[in-house]
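Asks: coords please:
(chains A and B)
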Amino acid sequence: MPERRKPARRPKNRWVLARKTLQTLALAAFLTLFVAAGRAGWGQELAPLVMRIDPLAVLAHLLSSRIFLAGSALALIPVLLGLMAGRAWCGWLCPLGTLLDVFSLSGWRQALQGSAVNERQAQWDALRSLKYGLLLTTLFAAFLGNLTLLIFDPLTLLLRSLTASLWPMLDQVLTALEMALYRLPLLSEPVAQFDAWIRPRLLPAEPLYYRAAWLFAAVFLGIILLNLLAPRFWCRYVCPLGALMGLLAKFSLLRRRVTSDCKTCTLCTRACPTGAIDPTKGYASDPGECTLCLDCLEACPRDATRFTPRLPEITWHSYDPGRREALAAIGAGIAALALLRSDALSKREHPYALRPPGARENNLLEKCLRCGACMRACPTSALQPSLAESGVEGLWTPVLIPRLGYCDYACNACGQICPVEAIPALDLADKRQQVIGKAYLDQDRCLAWSDHVDCIVCEEMCPLPEKAISLSEEPVPGEQRTILLPHVDRQACIGCGICEYKCPLNGQAAIRIYVPEAQVAL
Amino acid sequence: MPKLSRREFLQALAAGMGAVIADQFLVACGQKETPLQAPLPTTSLASASQTGTPQPTPTPDASETAPGPEPTDLPTSTPQPAPDLVVARHGEPQMLVQQALAPFGGLAAFVPTGANVVIKPNICVGYHTYEYAATTNPWVVGALVKLAFGAGAASVRVMDNPFGGLPEAAYAKSGIKDQVEAAGGEMVVMSNLKFVEVELPNPLSLKRTRIYDDILKADVVINVPIAKHHNLAGLTLGMKNLLGAIHQRSPLHARLGENLTDLATLIRPALTVIDAVRVLRKHGPTGGDLRDVDQLDTLIVSPDIVAADSYAASLFDTQPMDLSYIQAGVQAGLGRADLENLHIEEIDLA
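Replies: Numbering: from 1, shown residues only, chains lettered A, B, ... in the order given. Prediction:
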């Protein structure tokens, strides 16, 4: 077989080596925090830092909730970094950016587009304004109290994809492998030992399931596949956080400079992963597009490229946002919100839009970053990404789906891990008082009521000291025996959902949790 | 390390996968064995009886993690017929365990040297500490771990499968983890991997179920329930505690008595130690209200799971034969409920 791959290229430039090292470390730290967030302990304590360092999420949350959380001051670090070194965040730190470098698909891209492709792709420059439009619309919508567009924040996107698809997929593969190997007599003991070591330390003891898991994987895969069109397509054209850093980069001090040694060989243009170097402008680059990856530094055969601190000289490009784009963003924001407000869900709440404990009363929708940290921390995966329950506006905000998991009476992890207190950080005693919903019994489906089968599972499971489900002993018609029939004490019920989760019926449970009160004006 | 080419890697991977798949078929063929044969029940497992002298009692409530005195088997040479059941009252949990085992000749009568011991307490939920009597008293479990090692056990693993909350959290909350680890035992989170499908021989009701491999394969299973209220079962005691060994327990609630009898026949714990130090009289099995808890400072020990449950029922003014599983257990010959005909030794440590 002919050697197709080029031998792994060691970076010649030590700054490029430093950048790659830092990228690896940042991605490793991000993944470590993600994995550790699945279990009570330091992981869940440190996990909120991830979103609090994200200036887009912090700014949008501030605009929407009008609450500044002390912990969010962390986001000033990347802002300062942006003022000093432009989009170095994108090139050196962002975990999604690093993954897009790792899965750059450069071989396939060249095969598709021909090797002569000019990676600058000037004809697509207009598309660069998409990210600015997304940023401005996100911020304006946030100002009006809507955070839906944070689903496009790269950190929330990556966290959600990991939580709801990639990590459960890895768990499934490993479980299947363990199951297969465990059945081999020689291997069963080492496999059991491996399993005992890895669970629940890293992987959950019980498999976790997420609704529409495919969708999260598909979005993630889609963003990777966009690399086939252009390297770091996402970062160039779409990423709203990249746009925010790009605006800061207009004022940044550290800038690329081309010296007179340049012989216009175009190597830097081809090397630049974001197509920021413009041959028509003397191979200068747009600081708003440059991620300071320094690949050009390495590519330049004549050492004609320098990165030096300079007082910023602010230039505007055709694709940069101006008054027109700002007005368009405002218009788009108003139109979108008007549309959302016209949705039927604005009149009558979805009956199963159960929110994490305390979040309903806390105006979850105008605070939630859609980062999915609560779903990651929820030990029973009761917290699921909302699909229909809160419409487009609440897409991927957390809802409790009792048929998939219940709210553990001894757990308050979601409130502790939420980076912006959209789910209030209640202590356990407080959390046990929160009404998530109310249980209603369907006597037509209930085994005991309808079929006179001895089943008291809902009562047995009810965690309340006084039990919100009581049993009455009634004679079975036509038989010489009695049966215990469950009744719900609606006053006492907190809607944890363990009754619905454990109800032994197939399909819908005979006892269901509904949102606590009707929100419609009568 | 030599570099693998992609082709070599794929070849190795395919060979490995092929071997695994081939082995699955071989294993599947080899599994047409006879179903598990359970030995007949015996109610006089204990050998020569031994008595002991009381030691100073610990005060477990002073501090949850305070190490108690070392419980030890106290051998003497007074031969007596082994009792069917021992009840010890009015002492600290560790002393109750030690003294209740003494008439049997200590835990050594049930745990041979080198045995792999599994202790199955009741850790049904992770909501409350042991004072709420929803979970087995941690000092009872800790003392049993210590005594099992004293008897020469090679390993002592403690496990349950909580229905509410995470196992590791429930283990810690119950206080059992601390006591077991202090005694040198191992607290095991039950793994999905090890719930093996088992076909029961001549069952009354339970033909097949997925049950925990370590419990099936253990040399000695010690069943350590806490006595508490349960609306369907009436009470949850020794037989019902075995439900924790099962993967899917809700189907077992219909025909509960027969199912539990089948399960007890399969698992056949060498010893059932019923913790009635605190009992939960209402709102079981989860509890959560101290007003529902009575402190009885009582421990019931018997190799006969039905006899132990029958005696424990009397603590709740319940007729043993009113409990479906005791009735089914007696009818199937699993054990005895005729307390009046049993050799019961009552020990009062007050």
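Asks: roughly how far apart are the residue of the stretch 401-522 of chain A at minimum distance from chain B and residue B:227?
Replies: Across the stretch 401-522 of chain A, the shortest distance to chain B (Cβ to the nearest Cβ) belongs to residue A:465, at 3.1 Å. For glycine as for every other residue, the C-beta is placed from the backbone atoms N, C-alpha and C. Using Cβ to Cβ, to the nearest Å, residue A:465 is found at 19 Å from residue B:227.
Asks: quick one: which of the two has more around it?
Replies: residue B:227 (32 against 20; other Cβ atoms under 10 Å in any protein chain shown).
Asks: wait, isn't that one in contact with residue B:312?
Replies: Yes. Using Cβ atoms under 8 Å, residue B:227 makes contact with residue B:312 at a distance of 4.8 Å.
Asks: Need the residues touching each of the two.
Replies: B:235, B:237, B:274, B:276, B:300 (Cβ atoms under 8 Å, 6 or more residues apart in numbering or on different chains).
Asks: Going by proximity to chain A, name the top residue of the stretch 151-300 of chain B.
Replies: Nearest to chain A, among the residues of the stretch 151-300 of chain B, is residue B:288, at 3.1 Å (Cβ to the nearest Cβ).
Asks: coming back round to it: for the shared contacts of residue B:227 and residue B:312, which one is nearest residue A:204?
Replies: Residue A:204 has its nearest neighbour among those in residue B:237, at 31.8 Å by Cβ to Cβ.
Asks: residues near residue 136, how many?
Replies: The chain I'm using is chain A. Using other Cβ under 10 Å, residue A:136 has 24 neighbouring residues.
Asks: try again with chain B
Replies: Residue B:136 sits with 33 neighbouring residues when counted by other Cβ under 10 Å.
Asks: got it, and residue B:95?
Replies: With neighbours defined by other Cβ under 10 Å, the count for residue B:95 comes to 26.
Asks: Quickly find the element holding it.
Replies: In the assignment (DSSP states H and E), residue B:95 maps to helix B:93-101.
Asks: roughly how far is that helix from the heart of the chain?
Replies: In terms of Cα atoms, centre = their mean, to the nearest Å, the centre of helix B:93-101 is set 16 Å apart from its chain centre.
Asks: ok, then the element right after that helix?
Replies: Following helix B:93-101 in sequence order, the next helix or strand is strand B:116-121 (DSSP H and E).
Asks: what about the residue in the stretch 251-400 of chain A that chain B sits nearest to, which SS state?
Replies: Nearest residue of the stretch 251-400 of chain A to chain B (Cβ to the nearest Cβ) works out as residue A:379 at 5.0 Å. For residue A:379, the assignment made with DSSP: H, G, I helix; E, B strand; the rest coil gives coil.
Asks: Count the neighbours of the closest residue to it other than its chain neighbours for me.
Replies: Spatial nearest neighbour of residue A:379, excluding adjacent residues (Cβ to Cβ, 6 or more residues apart in numbering or on different chains): residue B:166 at 5.0 Å. Residues near residue B:166, counting by other Cβ under 10 Å, number 23.
Asks: Wait, residue B:166 touches residue A:408, no?
Replies: Yes. In this structure, residue B:166 is within contact of residue A:408 by Cβ under 8 Å, at 7.2 Å.
Asks: Need the overlap of contacts for the two.
Replies: Common contacts of residue B:166 and residue A:408 (Cβ under 8 Å, 6+ apart): A:379, B:126.
Asks: Tell me the residues on the stretch 301-450 of chain A that lie near chain B, please.
Replies: Contact residues (Cβ under 8 Å from any Cβ of the partner chain) of the stretch 301-450 of chain A with chain B: A:379, A:406, A:408, A:409, A:410, A:411.
Asks: near chain A, which residues of the stretch 101-250 of chain B?
Replies: Listed as neighbours of chain A in the stretch 101-250 of chain B under the rule Cβ under 8 Å from any Cβ: B:125-127, B:163-170, B:173, B:188-194, B:230-232, B:250.
Asks: try 7 Å this time
Replies: B:125-127, B:163-169, B:173, B:189, B:191-194, B:230-232, B:250 (Cβ under 7 Å from any Cβ of the partner chain).
Asks: Which pLDDT does the model give the residue nearest to residue B:97 when sequence neighbours are not counted?
Replies: In space, and not counting its chain neighbours, residue B:97 is closest to residue B:143: 4.0 Å by Cβ to Cβ, 6+ apart. You'll see residue B:143 listed with a pLDDT of 98.
Asks: go on, the one 4 residues further on?
Replies: According to the prediction, residue B:147 has pLDDT 97.
Asks: what residues does the helix or strand containing residue A:22 touch?
Replies: Using DSSP H and E, residue A:22 sits in helix A:14-36. The contact list for helix A:14-36 (Cβ atoms under 7 Å, 6 or more residues apart in numbering or on different chains) reads A:11, A:42-43, A:46-47, A:50, A:91-93, A:95, A:98, A:159, A:162, A:202, A:293-295, A:297-298.
Asks: quick one: low-confidence parts of chain B?
Replies: Applying pLDDT under 70 to chain B flags residues B:1-3, B:20, B:23-79.
Asks: which stretches of it form helices?
Replies: B:6-30, B:93-101, B:138-150, B:167-174, B:176-182, B:213-217, B:238-241, B:256-267, B:305-315, B:324-331 (DSSP state H).
Asks: Write out the residues of the stretch 251-350 of chain B neighbouring chain A.
Replies: Residues of the stretch 251-350 of chain B lying near chain A (Cβ under 7 Å from any Cβ): B:251, B:253, B:254, B:283, B:285, B:286, B:287, B:288, B:289.
Asks: Among these, which one has the most neighbours?
Replies: Greatest neighbour count in these, by other Cβ under 10 Å, goes to residue B:287: 28 neighbours.
Asks: Spatially, which residue comes closest to that residue, not counting chain neighbours?
Replies: Closest to residue B:287 by Cβ to Cβ, 6+ apart is residue B:134, at 4.0 Å.
Asks: Now do the contacts for the one you found.
Replies: Contacts of residue B:134 by Cβ under 7 Å, 6+ apart are B:124, B:125, B:128, B:228, B:280, B:285, B:286, B:287.
Asks: What does it show for phi and psi?
Replies: Phi and psi for residue B:134, reported as degrees, to the nearest 10, are phi -90, psi -20.
Asks: how far away is it from residue B:121?
Replies: Counting by Cβ to Cβ, the gap from residue B:134 to residue B:121 is 11 Å.
Asks: do the same with residue A:421
Replies: To residue B:121, residue A:421 is 38 Å away according to Cβ to Cβ.
Asks: and what of residue A:178?
Replies: Where residue B:121 is concerned, residue A:178 sits at a distance of 27 Å (Cβ to Cβ).
Asks: Name the pair among the shared contacts of residue B:227 and residue B:312 with the greatest separation in space.
Replies: B:235 and B:300 (12.4 Å).
Asks: hmm, back to that, quick check: the closest residue to the residue of the stretch 151-300 of chain B closest to chain A other than its chain neighbours vs residue A:492, distance?
Replies: Of all residues not flanking residue B:288 in the chain, residue A:465 sits nearest, at 3.1 Å (Cβ to Cβ, 6+ apart). Distance, residue A:465 to residue A:492, using Cβ to Cβ: 10 Å.
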